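K.L.:
dropping the sequence and predicted coords here.
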Amino acid sequence: MLYKTITGKDGYAVATISGFHPEAASHPGATTGTSADIPPIDVATDAAAETTHKTGICEYQLMIRITKGDLSFDGQLKAVFGFFREIHEKELNHATITFLRFFLSDAANQVKPLSDYLPENKNNISIVEQPPLDGSKIALWAYLQTGMETSGNLSSSGLYALQHGEYTHLWTGTAIKRDGDSERQMHALLNDYKMQLKKHDCTLAGNCIRTWIYVQNIDVNYAGIVKARRELFAENGLTEKTHYISSTGISGRHADSKISVLFDAYAVKGIRPEQIRYLHARTHLNPTHEYGVTFERGTCVYYGDRRHVFISGTASIDNQGKIAHEGDVGRQTVRMIENVGALLKEAECSFDDVAHIIVYLRDIADYANIRTVMEQQFPEIPMIIVLAAVCRPGWLVEMECFAVKNDHNNHFASL
């Protein structure tokens, strides 16, 4: 993985970028964990299409953060979008936008002006109130890939599709339901998602790789989420004897206070069961069903030319399902990183392969210390720390990440 940091010309924003290029990753002289040049791409020409065909899909993740917190929301919005357009054009040469997530400090007052900058009916965009803890009002995580063909927002299913070779990648962002409590909303969201997948000849059990579930007032509403998910999963063959889905269930809210749950998800059409491996790290963690929840700790997806590793929201938990270092956010952070490292190792990866990190912190008062720890450990990886309570009050901090590693597997088609 190659990393780069860019500061906007006006000094209002900074972007950290990770870049994975199959050719660079396999080249003997390639470097990782450095600010070496991100491999150049040019997806706007026929020659670039030929390059993608020969070397494979390039992948880019970037985090854009505001550095001038005294700007108004409108000023920060303009800075984020202006900088993103500049990077997209000059650094990434219009690579296909796979998925965007906006982190807001006050969704009720910020979603409308943000929406004016966004295309209509694009289901690869996620918007959640999880205030960036650097004091800004907005931050952006963007995932881009070269060589992907998009059929845009699929009206027949409601999913956003990107296709290359044998695979179709299906995204949904900020799915909501307004009626009922958190249990009813979660059940309706998962049921709708199941039907959307069915229109692509996909299933929850066979094709869904990753979900994100944002819960308003998580200390109150999480129990309803757990119940609805467990029941619907069981109806669809997702049990402790088969497998679950990697997920983050975390505090987050919509602009509409009646909405208790927001739902993002990613699935792959064309994937085969033998391409998916679920990660457990039993030396450090226990199976989630042992304490009543239903998600996988992590998922490794194997392609012909690489592997994708999705690490679920991971806190300071031990292999008995208990909170490790209760009340001590510093020691919890250390254990959290150890747990994630164990999951990555099981996928034959390390933090050198990580493309981005999201950190969720329960108490704003802990931000300065945790930021120092995380930036010392991972100085170049695109990362954001947001204010968001974890699903159990005793967990003070949680993180998730995504990793990509070069692979050579003749049994599977390349990405």
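P.N.:
Arrived safely.
K.L.:
looking at the chain, which helix or strand does the model trust least?
P.N.:
helix 46-55 (a mean of 44; mean pLDDT, DSSP states H and E).
K.L.:
helices along the stretch 301-415 of the chain, start to end?
P.N.:
329-346, 367-377 (DSSP state H, counting those that start in this stretch).
K.L.:
CSV for these, including distance to Thr67 and mean pLDDT?
P.N.:
Backbone N, C-alpha and C define where each C-beta goes, glycine included. Below are the helices of the stretch 301-415 of the chain laid out as CSV (distance: least, Cβ to Cβ, whole Å; pLDDT from 0 to 100):
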stretch, distance to Thr67, mean pLDDT
helix 329-346, 24, 98
helix 367-377, 14, 97
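K.L.:
nearest to Phe412, out of those helices?
P.N.:
Distance to Phe412, taken as Cβ to Cβ, is lowest for helix 329-346 among the helices of the stretch 301-415 of the chain, at 19.3 Å.
K.L.:
about what we covered before: now the helices of the stretch 301-415 of the chain in a markdown table, with distance to Gly180 and mean neighbour count?
P.N.:
Below are the helices of the stretch 301-415 of the chain laid out as a markdown table (distance: least, Cβ to Cβ, whole Å; neighbours: other Cβ atoms under 10 Å):
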| stretch | distance to Gly180 | mean neighbour count |
| --- | --- | --- |
| helix 329-346 | 33 | 20 |
| helix 367-377 | 35 | 14 |
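K.L.:
Throw those helices into TSV and include distance to Ile6, thanks.
P.N.:
Converted to TSV, those look like this (distance: least, Cβ to Cβ, whole Å):
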stretch	distance to Ile6
helix 329-346	26
helix 367-377	17
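K.L.:
need the contact list for the closest residue to Gly298 other than its chain neighbours.
P.N.:
The shortest distance from Gly298 to any non-neighbouring residue, by Cβ to Cβ, 6 or more residues apart in numbering, is to Leu279 (3.5 Å). Taking Cβ atoms under 8 Å, 6 or more residues apart in numbering, we find Leu279 in contact with 296-300, 309, 311, 343, 346-347.
K.L.:
now render these as JSON lines, adding distance to Ile138.
P.N.:
Below are the contacts of Leu279 laid out as JSON lines (distance: Cβ to Cβ, whole Å):
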{"residue": "Glu296", "distance to Ile138": "31"}
{"residue": "Arg297", "distance to Ile138": "31"}
{"residue": "Gly298", "distance to Ile138": "29"}
{"residue": "Thr299", "distance to Ile138": "30"}
{"residue": "Cys300", "distance to Ile138": "32"}
{"residue": "Val309", "distance to Ile138": "28"}
{"residue": "Ile311", "distance to Ile138": "25"}
{"residue": "Leu343", "distance to Ile138": "30"}
{"residue": "Glu346", "distance to Ile138": "35"}
{"residue": "Ala347", "distance to Ile138": "32"}
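K.L.:
and those, which is closest to Met374?
P.N.:
Taking Cβ to Cβ as the measure, Met374 lies nearest Ile311 of those, at 14.9 Å.
K.L.:
ok, how many other residues are close to that closest one?
P.N.:
Ile311 sits with 29 neighbouring residues when counted by other Cβ atoms under 10 Å.
K.L.:
can you give me the strands in the stretch 301-415 of the chain?
P.N.:
306-314, 354-361, 383-387, 397-406 (DSSP state E, counting those that start in this stretch).
K.L.:
can you redo those strands as JSON lines with mean pLDDT and distance to Val80?
P.N.:
Output for those, formatted as JSON lines (pLDDT from 0 to 100; distance: least, Cβ to Cβ, whole Å):
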{"stretch": "strand 306-314", "mean pLDDT": "98", "distance to Val80": "25"}
{"stretch": "strand 354-361", "mean pLDDT": "98", "distance to Val80": "16"}
{"stretch": "strand 383-387", "mean pLDDT": "98", "distance to Val80": "12"}
{"stretch": "strand 397-406", "mean pLDDT": "98", "distance to Val80": "21"}
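K.L.:
for Val128, which of those is the nearest?
P.N.:
strand 383-387 (8.8 Å).
K.L.:
and the closest one, what does it pack against?
P.N.:
Helices and strands touching strand 383-387, by 3 or more Cβ pairs under 8 Å, 6 or more residues apart in numbering; DSSP states H and E, are strand 59-66, strand 138-145, strand 354-361, helix 367-377.
K.L.:
that one to strand 354-361, inter-axis angle?
P.N.:
Orientation note: strand 383-387 sits at an angle of 20 degrees relative to strand 354-361 (axes from the mean of the first three to the mean of the last three Cα atoms, to 10 degrees).
K.L.:
what's strand 383-387 in contact with?
P.N.:
With contacts defined as Cβ under 8 Å, 6+ apart, strand 383-387 is touched by 16, 63, 65, 103, 130-134, 139, 141, 356-362, 364, 367, 370-371, 374-375.
K.L.:
again with stretch 216-229
P.N.:
Counting by Cβ under 8 Å, 6+ apart, 181-184, 186-187, 190, 213, 215, 249-254, 257, 259-261, 292-294, 389-391, 393 sit against stretch 216-229.
K.L.:
ok, now which ones touch the residue nearest to His164 when sequence neighbours are not counted?
P.N.:
Sequence neighbours aside, Met148 is the residue nearest to His164 in space, at 5.2 Å (criterion: Cβ to Cβ, 6+ apart). Listed by Cβ under 8 Å, 6+ apart, the contact partners of Met148 are 57, 96, 98, 162-164, 169.
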